[in-house]
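**Student:** Give me a model of this one.
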Amino acid sequence: MGDLPTKIPPEESPFPLTEVDRWVLSQTDDEFHYHDWDDLKKIIGENNLSVLKRKPSDLRRYMAWTTETKAQYGSMTNYLLAHRLPKGWGSPPFTPASLIPFDDKSDYAVLINDWPYGLTSDITHIVVWSRTIIDTDSTTGDMTAESRRVVSNFIKRFFVDKLGPEGETKVLWFKNWVALQSVRTLEHIHVLVKDAGKELLEEWTQKLDTHEVDD
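**Tutor:** Reported below is the predicted structural model:
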């Protein structure tokens, strides 16, 4: 039996709730429909990112965890810097090795998402963090054409090419509009991979020597 729905007043949420979030919180896990690959292709192809959703119980846990983390660390940025991102980056504003996003290995970190969207079990949700700024349009909050081209090239060489001849059909990616980001201080993109093996996931997410603090 799924979790019972819980109504959480907006003022108690640690981040702004979208209409989709509010709808999800009115559901049980049994009522929830997971995003499958065809659904994700449609959502990302239409750039309709606001409809991406977490499983109801996961969203409630994420809200509770975010509240506790902010209370302990002061901000999500502080937590990520302390526990998830490369120590060698220091604190923002960062000084990247390259001003081109994903051009230098020391400037990005690939991690499995701790709080993925509600996806079917064949899909892995990855977050790629960047200490290089990824330009966005100041009016729309969406990526510029040039930054989209740069990121697309990175996705191809880092993820798609490693998956072989069918790689193009197994990788989707997006960068949330500024208004949808729960961690706005730190640059990141989302990557969704279908049928990725354990060894390949470990290769993608391995820690690099260039991420460590020099003695």
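
**Student:** which SS state does Pro14 fall under?
**Tutor:** The local conformation at Pro14, judged by DSSP: H, G, I helix; E, B strand; the rest coil, is coil.

**Student:** Report the secondary structure state of the residue nearest to it when sequence neighbours are not counted.
**Tutor:** Nearest-residue entry for Pro14: Thr66, 4.1 Å, with adjacent residues in sequence omitted and distances by Cβ to Cβ, 6 or more residues apart in numbering. In this view, the C-beta of every residue, glycine as well, is placed from N, C-alpha and C. Classification of Thr66 into helix, strand or coil gives helix, according to three-state DSSP.

**Student:** Go ahead and confirm Thr66 touches Pro16.
**Tutor:** No. With the criterion set as Cβ atoms under 8 Å, Thr66 and Pro16 do not qualify as a contacting pair; they are 11.8 Å apart.

**Student:** quick one, which of these two is more surrounded?
**Tutor:** With neighbours defined as other Cβ atoms under 10 Å, Thr66 and Pro16 compare such that Thr66 has more, 18 against 10.

**Student:** what's around Glu68, how many residues?
**Tutor:** Using other Cβ under 10 Å as the criterion, Glu68 is surrounded by 11 other residues.

**Student:** next one: the one 5 residues further on
**Tutor:** By other Cβ under 10 Å, the residues close to Tyr73 number 15.

**Student:** Thr185 now?
**Tutor:** Here the neighbour count serves as a burial measure; for Thr185 (other Cβ under 10 Å) it reads 13.

**Student:** Report pLDDT for the residue nearest to it when sequence neighbours are not counted.
**Tutor:** Counting by Cβ to Cβ, 6+ apart, the nearest residue to Thr185 once its immediate chain neighbours are dropped is Thr77, at 4.4 Å. Per-residue confidence (pLDDT) for Thr77: 92.

**Student:** re the thing from before, pull up the gap between the residue nearest to Pro14 and Leu80, please.
**Tutor:** 12 Å (Cβ to Cβ, to the nearest Å).

**Student:** now Leu49
**Tutor:** Here the distance between Leu49 and Leu80 works out to 21 Å (Cβ to Cβ).

**Student:** Name the residue in the two with the higher neighbour count.
**Tutor:** Taking Leu49 and Leu80 together and counting by other Cβ under 10 Å, Leu80 has the greater number of neighbours (20 against 16).

**Student:** For Lys70, grab the count of nearby residues.
**Tutor:** Should you count by other Cβ under 10 Å, Lys70 turns out to have 16 residues around it.

**Student:** wait, doesn't it sit right on Thr77?
**Tutor:** No. The pair Lys70 and Thr77 fails to qualify as a contact (Cβ under 8 Å) at a distance of 10.0 Å.

**Student:** in this structure, which spans are helices?
**Tutor:** With DSSP state H as the criterion, the chain has helices at 19-25, 37-45, 56-73, 76-83, 145-158, 198-204.
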